[in-house]
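Enquirer: model this:
(chains A and B)
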Protein chains: 2
Amino acid sequence: MTKLTQVVELDASAASRADATEPVRSALRSLRGAGPKKLVFPKGRYHFWSDRATEEYLFVSNNDPSLKALAFPLIGFDDLEIDGQGSEFIFHGFITPFAISASHDIRLRNFSIDWERTFHNEALIMDSKPAPKDGLASIDLGISKQYPYRVEHEQLRFTGYHDHEPLAPGHALSFDPVRREPSWQAHDDWAVKQWHHAVEIDPGIVRFTAKFSQPPKAGNVATFSNAGRYCPAIVLTGSQDIELSDIAIHHCGGMGVIAQLTRNIRLTRVKVTPPPGSDRVISATADATHVVNCAGQIEFDECRFENQLDDPGNFHGIYARVSRVTSPSTVEVELVHGQQVGIEITHPGDEIEFVGNKNLLTYATAKVAAFTRINKRFFEVEIEGNLPPETAKGDVIASLTWVSNVTVRNSRVGNNRARGFLISTAGKVLIENNVFRSPGAAILIAGDANYWFESGKVRDITVRGNTFDNCLYSVWGRAVIDIVPEIEPKNREGALYHQNIRIENNKFILADARVMNAHCVDGLVFKNNTIEWGSDYPLGPGKEAFHVEACANVEIEGDTLPPRD
Amino acid sequence: MTKLTQVVELDASAASRADATEPVRSALRSLRGAGPKKLVFPKGRYHFWSDRATEEYLFVSNNDPSLKALAFPLIGFDDLEIDGQGSEFIFHGFITPFAISASHDIRLRNFSIDWERTFHNEALIMDSKPAPKDGLASIDLGISKQYPYRVEHEQLRFTGYHDHEPLAPGHALSFDPVRREPSWQAHDDWAVKQWHHAVEIDPGIVRFTAKFSQPPKAGNVATFSNAGRYCPAIVLTGSQDIELSDIAIHHCGGMGVIAQLTRNIRLTRVKVTPPPGSDRVISATADATHVVNCAGQIEFDECRFENQLDDPGNFHGIYARVSRVTSPSTVEVELVHGQQVGIEITHPGDEIEFVGNKNLLTYATAKVAAFTRINKRFFEVEIEGNLPPETAKGDVIASLTWVSNVTVRNSRVGNNRARGFLISTAGKVLIENNVFRSPGAAILIAGDANYWFESGKVRDITVRGNTFDNCLYSVWGRAVIDIVPEIEPKNREGALYHQNIRIENNKFILADARVMNAHCVDGLVFKNNTIEWGSDYPLGPGKEAFHVEACANVEIEGDTLPPRD
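Expert: Numbering: from 1, shown residues only, chains lettered A, B, ... in the order given. The predicted structure follows:
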């Protein structure tokens, strides 16, 4: 039997300055029901305002929970394709473009996402002087009309957010406008968020005094992230079989693609990058992609994640901390990190592990019998049988069911704040044939049960055929390949948390001596890689090429660096 | 047939420093089902933390919407009494003590509500000097340990909120610690919220420089409201037949009792007041009571509302603004004011009125056929029959069904920021035998379709047997009795918005010459009142005792003031 596809083509007149939010809602409403469904946009530029958007209160991991205005509320859909046919979707105000929730077989393709007024702000540093007082610098900011502002009470406030009060500058980070990446050894300047002094010395020029970690350099671009992570571009939650292809996310107020509790996700030719022809050095204001507590197969191919204000991709679970034992078979657990709250990390029938928070080692596994939400922070987990006798307050649990395989191929990531891919999933992981231009570590394999609560152990990671191009030219990491589960040195011996990590046939072009740093790994192979010195930057502060500690079954080949001119 | 009452007595051990939130939730869970139910507290001091509280996203009119932690989530209950037997309920963090929603026949009695760490802050002004720069003053604040703080980056931050980041000082208001009321002619200092400079000169003493509307006076208390209106004490929404008696609300982060869409409410011996023996000059951080879009009979008897940071009581509806006409029988309307969003002001079957936003006059009434929520701001209203032909964007609609009768008797209100009772309800209103000590207008009868969107016309108000004790010694109002619907002077002629207001047999002790100010009233009687001069304050700036404009059927007796010594 042939399945007929329902097709709705949006009225081309929606491609105007008018608000397309309602035409889209009507079109989606008409596409309910069984069978394949398709929403097609005549190629054009569509505008979406937050005003009349459907609202849902969403907890989005590693972003900020809120009552979110949704332009495409794809909730409870199946077998739906949205084809933008090359259209540009322009957003206005605090609105989340796509939320895919409780849905399956959803395909989004062929469009771009941008905001007319970005959440973040950029300004050219026209002049920079130490201020009379120690530790302060006074910089003249040239602020173009695309970042409207005002100065009042000697405070700089960014304006024009459509549905939000003026915002103070958030944390500052300096970018090199020629290389279009964070400037060499740039730091985050969080103190700017606490205090500054501003005077408008001419229209569009503001003398801005604040505490910077290093003297700002005239000619660089000062970027200010000031609006939280309320408006990620594409949210996937509690869904299955999602394909995103040929999508360019030029901006969003949070992460580009954030997936949680979702099975099987494929991204093909998805870009997070500033719009072509723009002088903006920032794309998304947080990570390009983030995959949390997902399952099945996660595949990225031919993607490009650059200039966002955090990593290109993270793959991890969530450790929930045992807050008390409430019965012989029940623990109460807490989601400690404020951007993980509300995420139901496990379900009845799932397998979970019990993990010591000091050595990160699993001391028991169990099957979940019942899972009860108390509120966004606290949950009760009842297991089949009795709790392991070691169970103690402060230990953590994590799902062993919500674990994904990850393949990232043929992609380019870099020019962003922070690092490359952060991988903490026990599934099969292949990172192949990519180019990294990360200011920090390019590959970070961590795991932490005390601060970030991002699980978990890895079991099978292959990193091969990639080029690491002048990575680690700034501060976010201790080596290009950085394997640093958060286990205190005194607890590391015998704590073989991670397993089977192979770094093979890659090309390392170094901006810093530190190639690999690892502890607590059983099965670490580094071979057939080529290493050369890069020339883009002065040599970074690192001394030791390979630092390996408390590991077993380590094979490192070619562990001496070539001489540097 | 005798109805048996289920009674649950809370375990007395809950009266400890332990979190009573869960014992209360368990007790409430055991009290579900038909018939009368009673939860009794052995007299004691109970503590409630936000941590494990039940959460609901609540839109609470004239407060701030949020995902609220609820200590007593009384949702979908009927015939329930909660008797504190004189207990003290102490709250910690961002938590709302009581939310009564979709419930009927609920009685709360015999307890007090306070926070260990208040949302607002108070500090003694130990010294005050003009700062070198124009318009600024530099004051030395003595901050007691009950308001923990720190100074960093030359900014004062209040701390200790349990579940919240440190908060900057919000708007400032000066209080007289001897009279325990706002100081003479005190203004709100909003500029403090925008900019200040702070240095700790000794532990507990902070030199604080900011822009004040008048030079702060040494010996007064500077109060800072800095935490929004997220935690009102008692929220009533979508409920019926609610009785609150013998309750003392010593503090809350928002309004004391806020009722919306609720029918029949009785408050007997409810107090909003700082705790006995405390030096705090602030009780609730917003209005003591607020009744919005309610119906039936609202009765306050023997209440005491004092020292809160806004009015003792408001009674009004909501004007929703016509944003567009979407069919011959349908308008889309908007809730414009940010603290009215999410309130469903009408329902199918209700009667509504269409009102011109310039003259506030009703040009049509209609029956609601359908009411559809688009989101928190926008709603579609379909009426039976066609829309009135005059219907225009910018006009407003209001409910004629959700209108209440109000009786306030034997109560004392005052020592608060702002005014006395604000009355904008078309029901029968009696304000009898109360004492007012309001720094602004004691009785304000307004109505506004362009800024606050608080409806509506009054039809029958009697104010008798009250004492107005030195009211209007500050800036919030134009007369002790202030009848000022927001109709521009050019539109007032013939716009007889309000009707039948009688001010009889009251005693006015004046701190300012302005006794009554009124426009746009048909039927205004002022008689058998006694007027004398007060001696508590210097004479205020007002000149004219009675100002009446664009009114009809006015009877004023005794409109000359006695000579002032």
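
Enquirer: For the stretch 351-500 of chain A, which residues are neighbours of chain B?
Expert: Where the stretch 351-500 of chain A comes near chain B, counting by Cβ under 8 Å from any Cβ of the partner chain, the residues are A:374-378. Every residue, glycine included, has its C-beta placed from N, CA and C.

Enquirer: Using JSON lines, lay out these together with secondary structure and pLDDT.
Expert: Listed next are those as JSON lines, based on DSSP: H, G, I helix; E, B strand; the rest coil; pLDDT from 0 to 100:
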{"residue": "A:Ile374", "secondary structure": "coil", "pLDDT": "98"}
{"residue": "A:Asn375", "secondary structure": "coil", "pLDDT": "98"}
{"residue": "A:Lys376", "secondary structure": "coil", "pLDDT": "98"}
{"residue": "A:Arg377", "secondary structure": "coil", "pLDDT": "98"}
{"residue": "A:Phe378", "secondary structure": "strand", "pLDDT": "98"}
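
Enquirer: okay, now A:His547: neighbour count?
Expert: 17 (other Cβ atoms under 10 Å in any protein chain shown).

Enquirer: related to what we said a few turns ago, which one of the residues of the stretch 351-500 of chain A next to chain B is nearest to chain B?
Expert: A:Asn375 (4.5 Å; Cβ to the nearest Cβ).

Enquirer: Quick check: the closest one vs A:Arg321, distance?
Expert: Distance from A:Asn375 to A:Arg321, counting by Cβ to Cβ, to the nearest Å: 15 Å.

Enquirer: And A:Ser103, by the same measure?
Expert: The value you get for A:Ser103 to A:Arg321, if Cβ to Cβ is used, is 31 Å.

Enquirer: now do A:Phe305
Expert: Distance of A:Phe305 to A:Arg321, computed by Cβ to Cβ: 31 Å.

Enquirer: Between the two, point out the one with more neighbours.
Expert: A:Phe305 (31 against 20).

Enquirer: can you map out the helices along the stretch 1-150 of chain A?
Expert: Per DSSP state H, counting those that start in this stretch, the stretch 1-150 of chain A carries helices over the ranges A:21-30.

Enquirer: tell me which parts of it are close to chain B?
Expert: For the stretch 1-150 of chain A, the residues in contact with chain B (Cβ under 8 Å from any Cβ) are A:51-55, A:57, A:65, A:67, A:69.

Enquirer: Let's have the residues of the stretch 351-500 of chain A next to chain B in a markdown table, adding neighbour count.
Expert: As requested, those are exported to a markdown table (neighbours: other Cβ atoms under 10 Å in any protein chain shown):
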| residue | neighbour count |
| --- | --- |
| A:Ile374 | 19 |
| A:Asn375 | 19 |
| A:Lys376 | 17 |
| A:Arg377 | 23 |
| A:Phe378 | 19 |
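
Enquirer: quick one: low-confidence ranges for the stretch 301-450 of chain A?
Expert: Applying pLDDT under 70 to the stretch 301-450 of chain A picks out no residues at all.

Enquirer: in it, which spans are strands?
Expert: A:304-306, A:313-318, A:320-327, A:330-334, A:351-355, A:362-373, A:378-383, A:396-399, A:404-409, A:412-414, A:421-424, A:428-432, A:435-437, A:443-445 (DSSP state E, counting those that start in this stretch).

Enquirer: Contacts for the last one next, please.
Expert: Read that as strand A:443-445. A:419-424, A:431, A:436, A:458, A:461, A:463, A:477, A:480-485, A:498, A:501, A:503 (Cβ atoms under 8 Å, 6 or more residues apart in numbering or on different chains).

Enquirer: give me that answer again for 7 Å
Expert: The contact list for strand A:443-445, computed with Cβ atoms under 7 Å, 6 or more residues apart in numbering or on different chains, reads A:419-424, A:431, A:458, A:461, A:463, A:477, A:481-483, A:498, A:501.

Enquirer: so where's chain A uncertain?
Expert: Checking chain A against pLDDT under 70 turns up A:1-2, A:565.

Enquirer: Pick out the residue nearest the middle of it.
Expert: Centroid-nearest residue in chain A: A:Asp287, 2.6 Å away (criterion: Cα atoms, centre = their mean).

Enquirer: OK, contacts around it?
Expert: With contact taken as Cβ under 7 Å, 6+ apart, A:Asp287 is in contact with A:255, A:308, A:310-311, A:313-314.

Enquirer: now swap in A:His250 and tell me
Expert: By Cβ under 7 Å, 6+ apart, A:His250 lies in contact with A:112-114, A:273-275, A:283.

Enquirer: Could you dump those residues into CSV with neighbour count added?
Expert: Shown next, in CSV, are the contacts of A:His250 (neighbours: other Cβ under 10 Å):
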residue, neighbour count
A:Ser112, 21
A:Ile113, 25
A:Asp114, 22
A:Thr273, 23
A:Pro274, 23
A:Pro275, 14
A:Ser283, 29
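
Enquirer: And these, which is closest to chain B?
Expert: When those are compared against chain B (criterion: Cβ to the nearest Cβ), the nearest one is A:Ile113, at 20.8 Å.

Enquirer: List the contacts of A:Val368.
Expert: A:346-350, A:352, A:381, A:383.

Enquirer: That should have said A:Tyr46, apologies.
Expert: Counting by Cβ under 7 Å, 6+ apart, A:Tyr46 makes contact with A:14-15, A:20, A:87, A:89-90.

Enquirer: ChimeraX command for the buried members of those residues?
Expert: This is the ChimeraX syntax for the buried subset of the contacts of A:Tyr46, where burial follows 16 or more other Cβ atoms under 10 Å in any protein chain shown:
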select /A:14,15,20,87,89,90
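
Enquirer: quick one: which of the contacts of A:Tyr46 is nearest A:Gly44?
Expert: A:Gly44 has its nearest neighbour among the contacts of A:Tyr46 in A:Ala15, at 2.7 Å by Cβ to Cβ.

Enquirer: A:Arg45 touches A:Ile90, doesn't it?
Expert: Yes: in this structure, A:Arg45 is within contact of A:Ile90 by Cβ atoms under 7 Å, at 6.3 Å.

Enquirer: what sits up against the lengthiest strand in chain A?
Expert: Looking across chain A with DSSP state E, the single longest strand is strand A:78-92. Here strand A:78-92 makes contact (Cβ under 7 Å, 6+ apart) with A:31, A:35-50, A:71, A:74, A:97, A:103-116, A:162.

Enquirer: Quick one: buried ones out of these?
Expert: Neighbour-count burial (16+ other Cβ under 10 Å) is assigned, among these, to A:31, A:36-42, A:44, A:46-50, A:71, A:74, A:97, A:103-115, A:162.

Enquirer: near chain B, which residues of the stretch 151-300 of chain A show up?
Expert: Counting by Cβ under 7 Å from any Cβ of the partner chain, the positions of the stretch 151-300 of chain A adjacent to chain B are A:152-155, A:191, A:194-195.

Enquirer: Buried subset of these as a PyMOL selection?
Expert: Command for PyMOL that selects the buried part of those, burial taken from 16+ other Cβ under 10 Å:
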select buried, chain A and resi 155+191+195
